[in-house]
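Engineer: sequence first, predicted coordinates after that:
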2 protein chains.
Amino acid sequence: MLPMKVFIVHAHPEKQSFNGGLTQHAKAVLEQTNNEVIISDLYAMNFNPVSDRRNFTSEKDSDYFQQQIEDYYASENDGFSEDIKAEMEKLFWCDVLIFQFPLWWFGLPAILKGWVDKVFAAGKIYGGGKWYDNGVFKGKKAMLSLTTGGKLPMYTEIGLHGDIHTILYPINHGILRYIGFDVLPPFVVFGATKINDERRKGYLREYEKRLVSIDETYPIIYPALADFDDNFQLKS
Amino acid sequence: MLPMKVFIVHAHPEKQSFNGGLTQHAKAVLEQTNNEVIISDLYAMNFNPVSDRRNFTSEKDSDYFQQQIEDYYASENDGFSEDIKAEMEKLFWCDVLIFQFPLWWFGLPAILKGWVDKVFAAGKIYGGGKWYDNGVFKGKKAMLSLTTGGKLPMYTEIGLHGDIHTILYPINHGILRYIGFDVLPPFVVFGATKINDERRKGYLREYEKRLVSIDETYPIIYPALADFDDNFQLKS
């Protein structure tokens, strides 16, 4: 896959944050090793995450708004708004998709959740049997890179907050895998606001190792569509 | 607890949607039985879900924006914006909190996720040892009421999308329980756009039963703070 086209969707309100440092470091490291990087800095772009009729320049049903129906219609009629079209182009361009974000309330910051709500449109990005291992983006890789407020022990299976992989399952499986990406294990900086500069530098080095080894990193294993019966239950 | 003060946070872009029907039915049923109901219809309110300096009228650090630090400062200095203050008042007013939403990408629609990101502010809503069963809202009840696109079998433990309770864990445990609510089992309308009117009426009757029995419904059991050691690991 090398050199790779890497698309980083970055969601943090403070430019000088450690999230910002991770994204800038990723860009530098990846470009030094001959890869291409595009960043969507959602706060800097003033991205509007609210999904509604403004997603579209086309209109299928003016009386009743159902996003999926408008998505399909817009997919057929070049009917997405310019901001959404631009993000879709970057998605199709990339080999590797990275979400860089602080874990807020055990999920994506709203600006990034809304980016997904709007950009991952039926017809263009999924639908008609194109999902999971038959998804539009199959063969491409995606990875979450995130910071948490709490320290690592809180995010184990016996930790206060619960297993980080369970917490991230709806994003890894329900968002990234759903549209076909091979999902790499997340890169997680625990207790980001509580650690010192030394530890932060260590995390930057760790992230660098993850980035330059994307091509050799095994994705998270999920069952394949063929493992399910007609009622979408795992075959025994 | 009866009569109850019920706060419904409603997130759907289409007024005539089944989500709208559920919220209107809840209001009618609850008011008929002498409860009080307040609805925050986030789309109708044009709620801005992007968390940034506009959350605040106060400012602790003008060089570096860290939301938690600004949250604490605003909590001490009456520094939240008017829209956030209004939502906080409803939270403190209620006995029962309901989120009504369509499950988008296995999570909250961005407009609702951002409502949480902004309104659930450190200092006022959590922090200083006030979390989980010692949370600010302990003794109050919360419940998710949602619609899904896929049918029920997809959301079982052996279903294609995975167990609905695992999918909702970051919301139930990480958002509602985190600030102290007793979390009732979710009310889920599966395959909302695919079912007929008869089935929809059945769901409305089911929801009605859930609403009038809130007081007798057992919450989801989570471990208590006392079950964890000083390193936030479950004691064995």
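Structural biologist: That came in fine, so what should we check first? Numbering: from 1, shown residues only, chains lettered A, B, ... in the order given.
Engineer: got any ranges where chain A has weak pLDDT?
Structural biologist: Applying pLDDT under 70 to chain A flags the ranges A:1.
Engineer: from the centroid of it, which residue is nearest?
Structural biologist: Note on chain A: the residue nearest the mean C-alpha position is A:Phe99, at 4.3 Å, using CA atoms, centre = their mean.
Engineer: surely that one touches A:Ser145?
Structural biologist: Yes - contact criterion CB atoms under 8 Å: A:Phe99 and A:Ser145 qualify, at 6.9 Å. Every residue, glycine included, has its C-beta placed from N, CA and C.
Engineer: just checking, the residue nearest to the centre of chain A is part of a helix?
Structural biologist: No - per DSSP: H, G, I helix; E, B strand; the rest coil, A:Phe99 lies outside any helix segment and is strand.
Engineer: so it versus chain B, what's the distance?
Structural biologist: As judged by CB to the nearest CB, to the nearest Å, A:Phe99 and chain B stand 12 Å apart.
Engineer: specify the beta-bridge partners of that residue.
Structural biologist: A:Val9, A:Leu144 (DSSP bridges).
Engineer: residues contacting it?
Structural biologist: A:Ile8, A:Val9, A:Ala11, A:Leu108, A:Leu112, A:Ala142, A:Met143, A:Leu144, A:Ser145, A:Leu146, A:Ile171 (CB atoms under 8 Å, 6 or more residues apart in numbering or on different chains).
Engineer: before we move on, what about A:Phe106?
Structural biologist: Counted by CB under 8 Å, 6+ apart, A:Phe106 has contacts A:His161, A:Ile167, B:Pro170, B:Ile171, B:His173, B:Gly174, B:Ile175.
Engineer: which residue sits closest to A:Phe181, ignoring its sequence neighbours?
Structural biologist: Nearest residue to A:Phe181, sequence neighbours excluded (CB to CB, 6 or more residues apart in numbering or on different chains): A:Ala142, at 3.7 Å.
Engineer: the one you found: how many residues sit nearby?
Structural biologist: 23 (other CB atoms under 10 Å in any protein chain shown).
Engineer: quick check: it is in a helix.
Structural biologist: No - going by three-state DSSP, the assignment for A:Ala142 is strand, not a helix.
Engineer: isn't it up against A:Cys94?
Structural biologist: No - judged on CB under 8 Å, A:Ala142 makes no contact with A:Cys94 at a distance of 9.0 Å.
Engineer: kindly write the PyMOL command that selects the buried subset of the contacts of A:Phe99.
Structural biologist: Applying 16 or more other CB atoms under 10 Å in any protein chain shown to those leaves a buried subset, and the PyMOL line that selects it is:
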select buried, chain A and resi 8+9+11+108+112+142+143+144+145+146+171
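Engineer: from the contacts of A:Phe99, pick the one nearest A:Pro186.
Structural biologist: A:Leu144 (4.1 Å; CB to CB).
Engineer: that closest one contacts A:Ile171, correct?
Structural biologist: Yes - the pair A:Leu144 and A:Ile171 passes the contact test of CB under 8 Å, sitting 6.4 Å apart.
Engineer: can you give me the helices for chain A?
Structural biologist: Taking DSSP state H, the helices of chain A run over residues A:18-32, A:67-77, A:82-93, A:110-119, A:164-171, A:197-212.
Engineer: among those helices, which is the most enclosed?
Structural biologist: helix A:110-119 (a mean of 27; mean count of other CB atoms under 10 Å in any protein chain shown).
Engineer: next, the angle helix B:110-119 makes with it.
Structural biologist: 180 degrees (axes from the mean of the first three to the mean of the last three CA atoms, to 10 degrees).
Engineer: list the contacts for the residue of chain A most remote from its centre?
Structural biologist: Most distant residue from the mean C-alpha position of chain A: A:Asp63, 32.8 Å away (CA atoms, centre = their mean). A:Asp63 sits next to no residue when contact means CB under 8 Å, 6+ apart.
Engineer: go on, A:Val96?
Structural biologist: With CB under 8 Å, 6+ apart, A:Val96 has these contacts: A:Met1, A:Met4, A:Lys5, A:Val6, A:Phe7, A:Lys140, A:Lys141, A:Ala142, A:Met143, A:Ile214.
Engineer: ok, and the closest non-adjacent residue to A:Asp52?
Structural biologist: Here the residue nearest A:Asp52, using CB to CB, 6+ apart, is B:Pro13, at 4.4 Å.
Engineer: ok, that neighbour to B:Ile98 distance?
Structural biologist: 19 Å (CB to CB, to the nearest Å).
Engineer: go on, A:Tyr43?
Structural biologist: 31 Å.
Engineer: those two: who's more crowded?
Structural biologist: Legend: neighbour count by other CB under 10 Å for A:Tyr43 and B:Ile98, higher for B:Ile98 (26 against 19).
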